[in-house]
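*Asks:* Attaching a predicted model along with its sequence, questions to come.
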Amino acid sequence: MQTHILKHSVYLKSGYSIVGPLEGKGPLKDYFDYIIKDDTMKEKTFEKSERKLLQHIILGAIDKAGLSVRDIDLFIGGDLLNQIVSSSFTARELELPFVGLYSACATMTESLAIASLFIELGIAKHIVAGTCTHFSSAERQYRFPLELGNQRPPTAQWTITGGGASIITNEKSKIKIYAVTFGKVIDFGITDVNNMGAAMAPAAADTIKTHLKNTNHSTKDYDMILTGDLGKLGSEILIDLLEHENIILGKNYADCGCMIFDKTERVFMGGSGAGCSASVLNSYVLHKMLKGDFKRVLIVSTGALMSTTTSQQGDTIPGIAHAVELVLDTASEKDKNTQSSNKKKIITRSKTTKIIKKERQND
Amino acid sequence: MDKNKRNVNYNLYVESKVPKTKAWPSLVKAFILGGIICAIGQGFFDLYTYLFPSLTESEVSTCMLMSIIFITCFLTGLGVYDIIGAWGGAGSVIPITGFSNSISSPAIEFKKEGIIYGICVKMFTIAGPVIVCGVVGSIVCGFIGLFM
Amino acid sequence: MINILDYVISFLVGGFICFLAQILVIRTKITTARILVLFLIIGMILEVLNIYAPFREFAKAGASVPIIGFGATLARGAITASQEYGLIGVFTGGLTASAGGIAMAIFASFIFALIFSSKTKRGGH
């Protein structure tokens, strides 16, 4: 079975997001927890900056949940760099048990889904799931040197600088993870690396279709259906593809890549990267859910599973999409207040806050 | 349904969905930028002819190209050339400036991997084909010259 | 002395070559390296066919600044040297003629790579 409806209660306790300067000017700027002004983060290389960014995100998420690093049983995550170095190096710095994943830009929902199943099985109590991307490190790995004067085709997307992390737990909290769907790898024969949206849209369509079928929901049951980084073109294709299957995506559908940037920014089809859905989920979506605006949300991060070598050798681009369904658990509100006051570990909390504050002052 | 047929159909469908950008603005920009760079080249040519009257025409031409290459590398280092390139497209690639930028940009980018493995190894990741094809092509031309 | 017409012709011819290249870029999504090689080879062919010299005479810098001029220099060097020195000239001629440009590109890139670091793009480039 592709879809797992979680029987035991698995909760998303809190989320934390940091984005770069360009993303911080976009329409979602008020929702992000922190916007960095200098995207090198005072590091010598962009790979180091990405690492530091992820470290801040993970610490921020743990701190926001009122926990300390020692309370965390597992860190599940990944990123776009070769051998997912940013995540594993972050796990080294934070001395956390680590499960590394790679689903390209679908890493956020994949880590959320796996974290939920770990909690469901009772293996862990608190899991932090997160990912981030950095425009400049992705650019130098996947495309061209930053200073090369080349034009991007109109279908290109813009890897965002930023990311987010969530704390998944079995403690009662407002947002419950209802079901997860692991997607199939789907390839419709797109070879153009500058048109990722078209390569990933069939995977997203398949995952959404499967999820709706297995949970017996229709698109109208959701307050929001979000795809990760299909971009403008990709989401138009997704709407068309689902229409063929008699699934109508209405006004409750949006794409994180389109949401994160202003129309005035010249980013072509919109944002992309693992950090795209991670930052939007952990800022905008959680914020809206906690406010009660959204009661049921489906998040489908999409990833393109190619490497520079395969695309140079002319292979087509396979896509993948994982879905996570979040519901607002209104009944738990009362319990949560009593629980969280018991659980607050003031000493450890202030310690992590201090670290973050100190690091931020250095920025 | 047959997978190949599905893929072909999907590719055709995507092709029809890709927004058609107006080609004219970018063509005009390429024309203007390429033209300006060549006119600047002519300026250097006249300058060197005036300053060094003893040089032959091909020597002056080499000096002119070297000046343009040097300026482009400098602009690349300042982080200006990628903005010019994004504006002018092929107008920045086809003049010798494009060759120069494609050598200096990876050199600057991969400096972080060290001088030997970064700058020296990665310098020709983009312009390497130009030098290889240039050398191979010139040798072929040389053989042709033997029989001319 | 300075002749305004030279500049006008350089501008128009150089611009037109870039214009043709941009059409290729839009139509075929050709990459930077490929387009450079393509025009380099075009320059060599023009030189071998003896079309480049009169073209250069007419277009001045409009012919020598685009990469086709670089290709023509390589080809002309090899042909001249092969006729002068025989077989050894076949191999030495091309690089000798174009040594100035290649050496300056490598030298300047190396120096500026030591001085500058790459910067993040500010969006839209």
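*Replies:* Good, I have the coordinates. Bear in mind the structure is a predicted one, so any value in this text is a computation, not a measurement.
*Asks:* mind listing what the closest residue to A:Gly162 other than its chain neighbours touches?
*Replies:* Nearest residue to A:Gly162, sequence neighbours excluded (CB to CB, 6 or more residues apart in numbering or on different chains): A:Val19, at 3.2 Å. For every residue, glycine as well, the C-beta is placed using N, CA and C. The neighbours of A:Val19, taking CB atoms under 8 Å, 6 or more residues apart in numbering or on different chains as the test, are A:Phe32, A:Tyr34, A:Ile35, A:Ile36, A:Ile160, A:Thr161, A:Gly162, A:Gly163, A:Ile260, A:Gly275, A:Ser279.
*Asks:* where's A:Val19 relative to A:Ile208, distance?
*Replies:* Using CB to CB, to the nearest Å, we find A:Val19 at a distance of 26 Å from A:Ile208.
*Asks:* same thing with A:Glu325?
*Replies:* 11 Å.
*Asks:* Need the residues touching each of these two.
*Replies:* A:Leu298.
*Asks:* burial of the closest residue to chain B within the stretch 51-200 of chain A, as a residue count?
*Replies:* Going by CB to the nearest CB, chain B is nearest to A:Gly149 of the stretch 51-200 of chain A, at 1.7 Å. A:Gly149 is flanked by 28 other residues according to other CB atoms under 10 Å in any protein chain shown.
*Asks:* so who does the closest residue to chain C within the stretch 101-250 of chain A touch?
*Replies:* The nearest approach of the stretch 101-250 of chain A to chain C comes at A:Leu146, 4.3 Å away (CB to the nearest CB). A:Leu146 makes contact with A:Ser136, A:Glu139, A:Arg140, B:Asp82, B:Ser105, B:Glu109, C:Ser118, C:Lys119, C:Thr120, C:Lys121, according to CB under 8 Å, 6+ apart.
*Asks:* quick check, nearest of those to C:Val90?
*Replies:* The closest of the contacts of A:Leu146 to C:Val90 turns out to be B:Ser105 (CB to CB; 32.9 Å).
*Asks:* helices or strands up against the helix or strand that closest one falls within?
*Replies:* Per DSSP states H and E: B:Ser105 is located in helix B:96-109. Judged by 3 or more CB pairs under 8 Å, 6 or more residues apart in numbering or on different chains; DSSP states H and E, helix B:96-109 is in contact with helix B:57-78, helix B:81-88, helix B:121-122, helix C:32-48, helix C:67-85, helix C:87-115.
*Asks:* now with 7 Å?
*Replies:* helix B:57-78, helix C:32-48, helix C:67-85, helix C:87-115 (3 or more CB pairs under 7 Å, 6 or more residues apart in numbering or on different chains; DSSP states H and E).
*Asks:* quick one: that helix to helix B:81-88, angle?
*Replies:* 140 degrees (axes from the mean of the first three to the mean of the last three CA atoms, to 10 degrees).
*Asks:* now the angle from helix B:96-109 to helix B:57-78?
*Replies:* 40 degrees.
*Asks:* Pull out the buried positions in helix B:96-109.
*Replies:* Neighbour-count burial for helix B:96-109, counted by 16 or more other CB atoms under 10 Å in any protein chain shown, picks out B:96-109.
*Asks:* Can you get me the start-to-end distance on stretch B:110-128?
*Replies:* Start and end residues of stretch B:110-128 are separated by 15 Å (CA to CA, to the nearest Å).
*Asks:* Give me the contacts around that stretch.
*Replies:* A:44-45, A:148, B:99, B:102-103, B:106-107, B:131, C:32-33, C:109-110, C:113, C:117 (CB atoms under 7 Å, 6 or more residues apart in numbering or on different chains).
*Asks:* what would the buried residues of helix B:96-109 look like in CSV with pLDDT?
*Replies:* Converted to CSV, the buried residues of helix B:96-109 look like this (pLDDT from 0 to 100):
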residue, pLDDT
B:Ile96, 95
B:Thr97, 96
B:Gly98, 95
B:Phe99, 95
B:Ser100, 96
B:Asn101, 95
B:Ser102, 95
B:Ile103, 95
B:Ser104, 96
B:Ser105, 95
B:Pro106, 95
B:Ala107, 95
B:Ile108, 94
B:Glu109, 93
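*Asks:* Contacts only, for residue 120.
*Replies:* Just so you know, I chose chain A. Here A:Glu120 is in contact with A:Leu6, A:His8, A:Val10 (CB under 7 Å, 6+ apart).
*Asks:* Can you look at chain C instead?
*Replies:* Counting by CB under 7 Å, 6+ apart, C:Thr120 has contacts A:Asp39, A:Phe135, A:Ser136, A:Leu146.
*Asks:* same question, A:Asp221
*Replies:* By CB under 7 Å, 6+ apart, the contact list for A:Asp221 reads A:Arg296.
*Asks:* Near chain C, which residues of chain A are found?
*Replies:* A:22, A:39, A:135-136, A:145-148, A:150, A:153, A:265-267 (CB under 7 Å from any CB of the partner chain).
*Asks:* Buried subset of those residues, written for ChimeraX?
*Replies:* Entered in ChimeraX, the line below selects the buried ones among these, by 16+ other CB under 10 Å:
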select /A:22,39,135,136,145,146,147,148,150,265,267
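*Asks:* phi, psi of the closest residue to chain B within the stretch 251-363 of chain A?
*Replies:* Sorted by distance to chain B under CB to the nearest CB, the residues of the stretch 251-363 of chain A start with A:Thr316, at 7.6 Å. For A:Thr316, the backbone dihedrals (degrees, to the nearest 10) come out as phi -80, psi 170.
*Asks:* And for the one 3 residues further on?
*Replies:* Reported as degrees, to the nearest 10, the phi and psi values for A:Gly319 are phi -120, psi 160.
*Asks:* Hmm, it is touching A:Thr302, no?
*Replies:* Yes - contact criterion CB atoms under 7 Å: A:Gly319 and A:Thr302 qualify, at 6.4 Å.
*Asks:* Next, show the common contact partners of the two.
*Replies:* Counting by CB under 7 Å, 6+ apart, the residues touching both A:Gly319 and A:Thr302 are A:Met200, A:Ala203.
*Asks:* Quick check: buried residues in stretch B:107-117?
*Replies:* Neighbour-count burial for stretch B:107-117 [16+ other CB under 10 Å]: B:Ala107, B:Ile108, B:Glu109, B:Phe110, B:Lys111, B:Lys112.
*Asks:* for stretch B:54-74, that is, sorry about that
*Replies:* Buried, per 16+ other CB under 10 Å, within stretch B:54-74: B:60-74.
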